[in-house]
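Novice: no sequence on this one, just coordinates:
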C-alpha cells in the first residue's frame, strides 16, 4: 500500500488511532487525526502523537471540505461503518479501510488470528505464550490492548503476529489473510452495532475470507454455524470439540486433550493439569494448541506452555478468600454467553453481581444457567430492570437492586457466608459506569482486597 504524499484521515483518537497515525506518518502520509467527541482536547491528543508528529488534529463535526480533500480514511474499531460521516466519505470516493487492514499492509511475516464471541483474549494470550517459546520474533496484538498498527513497522519477514480480532475490526478488512485463523464460537453480541445477527456472523466469518488452500482455519465443531461454515472454506479446516471424539481434530478423551492430524495422535495434557477452570477454557486451550500445531510447533513445546498458563486478568480471575468466601472477578463477562461460562465454572453457592450497559441482549438463557447455584443476584446499571423482568419470567426472584457499584459489592459481601463464592460476572458491558471492563474489574478487586 502506497501512502506517501496521500492525505489520510485517522478516525478515532484512542490507542488504535494513535498507532495508525504513527504508522502512516512513518510511511510519508499527510495525516489528520480526527475524533467526533468535541470534548476531547486537541492539544492533549497532539501530545500523544509525539513531538516529531506533523499530523493535524480535529475534533467535533468534520467539515465537508476536509472530507472532499481526503485520499483515504482509516477507521478505529469503535467507529461504526454506517455513521453518516463515514457514508459521506465513501460517497466522496474516499478509500475507507480499518486499522487492522492498515497494519496488515505494512506488517511482515505470518499472522495467526483469532475471533469469536467469547474466549478470544484467553486463546490469544495462550497462543502468544506458546509462540514465544517456539519463535524468536513474536507480536501479540489487536483487541487485546496492544494495537497492531503500533508494531507493524518493526516487523521482519521472520515475524509471527498473534492477533485477537473483533467483529468491528473484521468489518473493514480487504486483503487481510492469516496463515492460521480460528473462530471459537458465535453467539448474539454487539447487536446494537451490527443490527442483525446475520451481519454479526458475516463479520466474524470474514477472518477466513481471503485464506487459500495453503492456510488453516480452526473451528468449534459444537457450534452448528461454524460446523456448516467449515464445509465451504478454501482453507484447510481442523475442528475442536469438548463434547465428542473426532476422527481428525482436537478433542477431549478420558479427560485428556488429544490432537489427531494426518494419522498422528498427540496428547497435549490432562485437563486436571490446567490452571484455568471450566469447559470453555478447555476449548480455548484446544484452539490455541491446534493453531500452534498446524503452524509447526512441536506438541512438547505446546504442552509446556499450556501447563504454565495462568489465565487472563478479569476472566474468572480468583481475587481472594475473605472469611471463608471466595471472590472471583469475571468483569470480562460482558455478554450473557460469556457470563454463563462464569457461572458454570463456580463450584460453590454463589452471590452474583450482574447488570450494566445495554447491548440489546436477552438474559433468559443466563438466568436459566443458574441451575440452583446462584443464591442471590445483585443487579445494577442500565439493564437492571430488564434483567429482573427476564428473571421473573424464568421463575427466579432472589434478586435485589443496587444504586452504585460499591453498594453492589458491599451487598454481596453481607449476603455471602463461609463456603460461598461472590462472582462479578455482569453479562453486560461496563460503559454506563466505567470506561472499560478492566476498570470495572480493578474496582472490584480494590474493594475486595480492602475488606
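Specialist: Nice, I can see it. Not measured: the values here are computed from a predicted model.
Novice: give me the number of residues near residue 392?
Specialist: 12 (other CB atoms under 10 Å). C-beta: built from backbone N, CA, C; applies to glycine.
Novice: correct me if wrong, but it is in a helix.
Specialist: Yes: assessed by DSSP: H, G, I helix; E, B strand; the rest coil, residue 392 belongs to a helix.
Novice: next one: it, what pLDDT does it get?
Specialist: Residue-level confidence at residue 392 comes out at 96, pLDDT.
Novice: which ones are touching it?
Specialist: Residue 392 makes no contacts at all, as judged by CB atoms under 8 Å, 6 or more residues apart in numbering.
Novice: what of residue 449?
Specialist: Residues near residue 449 by CB under 8 Å, 6+ apart: 319-320.
Novice: what does the pLDDT read for it?
Specialist: Looking at residue 449, the pLDDT reads 96.
Novice: residue 193 too?
Specialist: Listed pLDDT for residue 193 reads 50.
Novice: what does residue 317 give?
Specialist: 87.
Novice: ok, what's across the strand from it?
Specialist: residue 329 (DSSP bridges).
Novice: count of neighbours near it?
Specialist: Counted with other CB under 10 Å, residues neighbouring residue 317 total 19.
Novice: residue 44 now?
Specialist: Using other CB under 10 Å: residue 44 sits among 10 other residues.
Novice: helix, strand or coil for it?
Specialist: helix.
Novice: so where's this protein uncertain?
Specialist: Applying pLDDT under 70 to the chain picks out residues 188-197.
Novice: wait, what's in contact with the most centrally placed residue in it?
Specialist: In the chain, the residue lying closest to the centroid (CA atoms, centre = their mean) is residue 120, at 4.7 Å. Residue 120 sits next to 114, 143-144, 164-166, 184 when contact means CB under 8 Å, 6+ apart.
Novice: residue boundaries of the helices in the stretch 201-350 of the chain?
Specialist: Taking DSSP state H, counting those that start in this stretch as the test, the helices found in the stretch 201-350 of the chain are 224-229, 279-294, 299-308, 336-345.
Novice: deepest-packed of those, please.
Specialist: Mean neighbours per residue, mean count of other CB atoms under 10 Å, is largest over the helices of the stretch 201-350 of the chain for helix 279-294, with a mean of 26.
Novice: relative to helix 336-345, how tilted is that helix?
Specialist: Interaxial angle of helix 279-294 relative to helix 336-345 (axes from the mean of the first three to the mean of the last three CA atoms, to 10 degrees): 110 degrees.
Novice: now the angle from helix 279-294 to helix 299-308?
Specialist: 150 degrees.
Novice: for residue 248, find the nearest of the helices of the stretch 201-350 of the chain.
Specialist: helix 279-294 (10.9 Å; CB to CB).
Novice: and residue 56, how far is that from residue 415?
Specialist: 54 Å (CB to CB, to the nearest Å).
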